[in-house]
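Asker: I'd like to go over a predicted model; first the sequence, then the structure.
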Amino acid sequence: MSIAMWLLAVLVPSTLLSSWKRKLGFAAAMPVAYAVFESAVSTFYPGPPASIAEFGEFFLQAMEYGPCR
């Protein structure tokens, strides 16, 4: 479903994504934003980090290896 929504957002005419440069930028930014948000949120599972340094450590691990630790 999410891939279909991504394709629709890129392929359907829009006033926000009127040029192909904007559409390509959007198409590239969405997977990157998803990976960053998923990594940031995964640091709070199973509990919140004890410090900002621990958050940074867990975030970088999640960016490198994925959200499951």
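Answerer: Yep, that arrived.

Asker: so where's this protein uncertain?
Answerer: 1, 69 (pLDDT under 70).

Asker: Quick one: list the elements packing against the host helix or strand of residue 23.
Answerer: Taking DSSP states H and E as the definition, residue 23 sits inside helix 20-42. Packing partners of helix 20-42 (3 or more C-beta pairs under 8 Å, 6 or more residues apart in numbering; DSSP states H and E): helix 2-11, helix 52-65. Glycine gets a C-beta too; all of them are placed from N, C-alpha and C.

Asker: of all those, which gets the most neighbours per residue?
Answerer: Compared across these, helix 52-65 shows the largest average neighbour count, a mean of 13 (mean count of other C-beta atoms under 10 Å).

Asker: got the CA coordinates for that helix in CSV?
Answerer: Taking C-alpha atoms only, helix 52-65 is exported to CSV below (Å, rounded to 0.1, in the frame of the first residue of the first chain):
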residue,chain,number,x,y,z
ILE,A,52,21.1,12.0,24.9
ALA,A,53,24.4,10.3,24.3
GLU,A,54,22.7,6.9,24.6
PHE,A,55,20.0,8.1,22.2
GLY,A,56,22.7,9.1,19.7
GLU,A,57,24.4,5.7,20.0
PHE,A,58,21.1,3.8,19.5
PHE,A,59,20.1,6.1,16.6
LEU,A,60,23.4,5.5,14.8
GLN,A,61,23.1,1.8,15.4
ALA,A,62,19.6,1.8,14.0
MET,A,63,20.7,3.8,10.9
GLU,A,64,23.5,1.3,10.3
TYR,A,65,21.9,-2.1,11.2
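
Asker: and the helices and strands packed on helix 20-42 as TSV, adding distance to residue 18?
Answerer: As requested, these are exported to TSV (distance: least, C-beta to C-beta, whole Å):
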stretch	distance to residue 18
helix 2-11	12
helix 52-65	32
